[in-house]
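**Q** fold the following, please.
(one chain, ligands or ions: 3)
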Amino acid sequence: MRLPRHVAVIMDGNGRWAQKRLLPRSAGHSAGMKRMIALSEYLFRRGVEVVTLYALSKENLSRSEEELSALFTLFRTYFSGSVVRLIEGGVRLDVVGETELLPEDIQALIQEGKEKTKGGERGTLVLAICYGGRQDIVRAANAAVRMGKEVGEEEFSALLSTGAYPPPDLLIRTGGEKRLSNFLLFESAYAELYFSDKMFPAFTDEDMARALEDFASRDRRFGKVKGE
Ligand code: IPE
Ligand code: IPE
Ligand code: MG
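**A** Ligands and ions are numbered 1, 2, ... in the order given. Down below sits the predicted model:
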């Protein structure tokens, strides 16, 4: 079966998942975080090389202080606890986005997590936190201007925060909405899109397996005519 090298996931629906169960939205984020770890492990087991997960958008920073503080608490737990599992699994951690907007202790935990896992050769887990695709494109454009010369597509891609990775082959969004919400705008030019109505905490390994199967059945033409 043809597998994607890079799977990107917009983890949406945590809040609605919790609200339906009369739980606070933070309970949805907590369940979502657990699922996120399990799903990324599943994908690496299946042989995917890069998994990029949209954990917090730049725009999400305008949510209530209560919700953000619950999310930050989860990030603290996640970065302290799961890094060991990543190391054991041979997975490298990377974080893209404007992390300077995060509380300083979380920035330090991210740095530590990246350092400790940098030897991982089995795959890379990229977390997009305080991330915005447009902002990243503008940042890369400014970096190109500072280089003082015109750049081509490849050189420009390398200036993006995901520049070290191949572009996503499969982009999954859970939670029923069919939009990108400012995620990997440049990189997803030829990604196969997969939408699930399931809320992220309810998106199982089996659901992910179905998404991979669906991907394998897609005819990726990249502008060419089939068979030519
Ligand atoms: C996605 O779930 C996770 C984050 C944006 C942090 P939401 O929090 O957007 O959940 P819904 O879409 O409100 O259900
Ligand atoms: C997108 O979800 C961001 C993440 C999943 C981290 P949102 O719930 O913030 O997206 P919109 O606001 O519905 O577009
Ligand atoms: Mg949402």
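
**Q** when you work out contacts or count neighbours from here on, use the C-alpha atoms and nothing else.
**A** Noted.

**Q** which elements pack onto the helix or strand of the chain with the lowest mean pLDDT?
**A** None of the helices or strands of the chain scores lower by mean pLDDT, DSSP states H and E than helix 65-88, at a mean of 91. Here helix 65-88 touches helix 25-46, helix 104-116, going by 3 or more Cα pairs under 8 Å, 6 or more residues apart in numbering; DSSP states H and E.

**Q** who in the protein is up against ligand 1?
**A** Contact residues (Cα under 6 Å from any ligand atom) of the chain with ligand 1: 11-16, 55-56.

**Q** please flag which of these sit within strands.
**A** Using DSSP state E, 55-56 are the members of those that sit in strands.

**Q** and the residue most central in space within the chain, helix, strand or coil?
**A** The structure's the chain has its C-alpha centroid closest to residue 53; by Cα atoms, centre = their mean the separation is 1.7 Å. Classification of residue 53 using DSSP: H, G, I helix; E, B strand; the rest coil returns strand.

**Q** now do it, the pLDDT please.
**A** pLDDT, residue 53: 98.

**Q** what residues are bridge-paired with it?
**A** Counting by DSSP bridges, residue 53 is bridged to residue 9, residue 127.

**Q** and if you look at residue 95?
**A** Under DSSP bridges, the beta-bridge partners of residue 95 are residue 127.

**Q** and the gap between it and residue 127?
**A** As judged by Cα to Cα, to the nearest Å, residue 95 and residue 127 stand 5 Å apart.

**Q** where does the protein have low pLDDT?
**A** Counting by pLDDT under 70, the chain shows no low-confidence range.

**Q** and the residue of it closest to ligand 2?
**A** residue 56 (3.8 Å; Cα to the nearest ligand atom).

**Q** check contacts around that residue.
**A** 128-131 (Cα atoms under 8 Å, 6 or more residues apart in numbering).

**Q** compare those residues and tell me which has the most neighbours.
**A** residue 128 (28 neighbours; other Cα atoms under 10 Å).

**Q** right, and that residue touches residue 97 too?
**A** Yes - Residue 128 is within contact range of residue 97, at 5.7 Å (criterion: Cα atoms under 8 Å).

**Q** sorry, back to before: is the least confident helix or strand of the chain in proximity to ligand 2?
**A** No - counting by Cα under 6 Å from any ligand atom, ligand 2 is not contacted by helix 65-88; separation bottoms out at 11.0 Å.

**Q** report the inter-axis angle for that helix versus helix 25-46.
**A** 20 degrees (axes from the mean of the first three to the mean of the last three Cα atoms, to 10 degrees).

**Q** which outside residues touch helix 65-88?
**A** 25-26, 29-30, 33, 37, 61, 92-93, 106, 109-110, 113, 116-117, 120.

**Q** what of stretch 90-109?
**A** Contacts of stretch 90-109 (Cα under 8 Å, 6+ apart): 58, 72, 75-76, 79-80, 86, 110, 113-114, 117-132, 136, 161-162.

**Q** tell me the buried residues in it?
**A** 90-99, 106, 109 (16 or more other Cα atoms under 10 Å).

**Q** try stretch 34-49
**A** Those would be 35-36, 39-44, 48-49, for stretch 34-49 by 16+ other Cα under 10 Å.

**Q** element containing residue 179, please.
**A** Here residue 179 sits in a region with no helix or strand, counting by DSSP states H and E.
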